[in-house]
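> Task: produce atomic coordinates for the following.
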Amino acid sequence: MKKVIIVALALVASASFSPSQAQQLKNSSDSVSYAAGMRLTDGLIPFLLQQQVDTALMDDFLRGFHEVVNAGENPKQKAYLMGMDIARQLGERMLPGITNEFQDSPDSIIADQLYKGFAAALKGDTSIFTTEAATVYFTEKQQADKAAKEEKLYGANRDAGRKFLEENAKKDGVITLPSGLQYKVLVKGNGDVPLADDKVQVNYEGRLIDGTVFDASAKHGDKPAEFTPTQVIKGWTEALTMMPVGSKWQLYIPYELAYGERDAGQIKPYSTLVFDVELVGITPKKQ
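Reported below is the predicted structural model:
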């Protein structure tokens, strides 16, 4: 494609056009515009292939191209072409997202019905829903289906975490705080206790309740991790602002004080987490 463009520019420079081209290109502005058009195709073929367009159907592509170019100020033609563009965006971008959202829930998205509802709203057809009623109905179903989906996919994980914490609370040395955070002192430190906006240096290892290690400071180098207590999950924030330097605690963090309903890679929604945390040092904010 680049070779084609280079050849085209060379022809412009030498002004050695064929008779038919000479009729089209009457002056320098015509010539530079023609060359610019050819230049703008650089990279188009790979893009069309990426969009799964059969480049053997170039005549069909150009027919659509010329429809848009020639629409000018024709309002009917512009509306028609805009409808085609919106349909493409709806089918390629919006529909897959909303379909995925309802996957594994009690309901599913039927593309044909979605398109009918879309068209009805634009035509003002209120025979089934008004736009306002549709919004209320959809929002309620969206929330209910999300809850049902999460229960189906992650309810067992949530319940396992709660059972783990109930059993763990009965063990010797385990302290349960009003927030639900549990901890056990493995090494008692005698240093200062960090403030929320101090920087802390910690060594840590994080595990799921089945023992799977999902993160550790050792994975990120041979130095302790450094951050402020407010930059981490709530369970860590609470624990770090209670720990004296030199302490090593084991934390048992309910999902509400961890990543909650979020999916964080190995950490699935509603996961109770266990951390071994060693507070190595503090850098007070004033320094």
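
> show me the residues around L186 that make contact.
248-250, 276 (CB atoms under 8 Å, 6 or more residues apart in numbering). (C-beta placed from N, C-alpha, C; glycine too.)

> Let me know the pLDDT of the residue lying closest to I253 once chain neighbours are set aside.
Excluding the flanking residues, the one nearest I253 by CB to CB, 6 or more residues apart in numbering is G235, at 3.5 Å. Looking at G235, its pLDDT is 97.

> Check P19 too.
For P19, pLDDT reads 47.

> Give the other helices and strands that the helix or strand harbouring the residue nearest to I253 contacts.
Taking DSSP states H and E as the criterion, G235 maps to helix 234-240. Judged by 3 or more CB pairs under 8 Å, 6 or more residues apart in numbering; DSSP states H and E, the packing partners of helix 234-240 are strand 248-253, strand 273-283.

> is it true that the residue nearest to I253 touches L251?
Yes - judged on CB atoms under 8 Å, G235 makes contact with L251 at a distance of 6.1 Å.

> Now tell me what touches stretch 118-127 from outside.
Counting by CB under 8 Å, 6+ apart, residues outside stretch 118-127 touching it are 90, 128-129, 131, 134.

> mind running it again at 7 Å?
90, 131 (CB atoms under 7 Å, 6 or more residues apart in numbering).

> Now do it, average pLDDT.
What stretch 118-127 shows for mean pLDDT is 93.

> With stretch 78-97 instead?
Stretch 78-97 carries an average pLDDT of 91.

> Determine how far it lies from the middle of the whole chain.
Counting by CA atoms, centre = their mean, to the nearest Å, stretch 78-97 is centred 22 Å from the centre of its parent chain.

> Select the longest helix from the protein.
If you go by DSSP state H, the chain has its longest helix at helix 131-168.

> Output the contacting helices and strands for that one.
For helix 131-168, there is no helix or strand it packs on, judged by 3 or more CB pairs under 7 Å, 6 or more residues apart in numbering; DSSP states H and E.

> Now with 8 Å, please.
helix 95-102, helix 111-123, strand 248-253.

> deepest of these, which one?
Mean neighbour count (mean count of other CB atoms under 10 Å) peaks for strand 248-253 among those, with a mean of 23.

> CA atoms of that strand as CSV?
Provided in CSV are the C-alpha atoms of strand 248-253 (Å, rounded to 0.1, in the frame of the first residue of the first chain):
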residue,chain,number,x,y,z
LYS,A,248,4.0,-9.2,63.1
TRP,A,249,0.3,-9.9,63.0
GLN,A,250,-1.9,-12.4,61.2
LEU,A,251,-5.0,-10.7,59.8
TYR,A,252,-8.3,-12.3,59.0
ILE,A,253,-10.2,-9.9,56.9
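
> What is it packed up against?
helix 131-168, strand 182-187, helix 234-240, strand 273-283.

> can you tell me which of those comes nearest to K199?
strand 273-283 (4.1 Å; CB to CB).

> Can you give me the separation between L273 and L257?
Look at L273 and L257: by CB to CB, to the nearest Å, they are 9 Å apart.

> Find residues that contact each of the two.
G235.

> one step back: what is the mean pLDDT for the helix or strand just after the longest helix of the chain?
Counting by DSSP H and E, the next helix or strand C-terminal to helix 131-168 is strand 174-176. For strand 174-176, mean pLDDT is 97.

> before we move on, back to that, the longest helix of the chain versus strand 273-283: what angle between them?
90 degrees (axes from the mean of the first three to the mean of the last three CA atoms, to 10 degrees).
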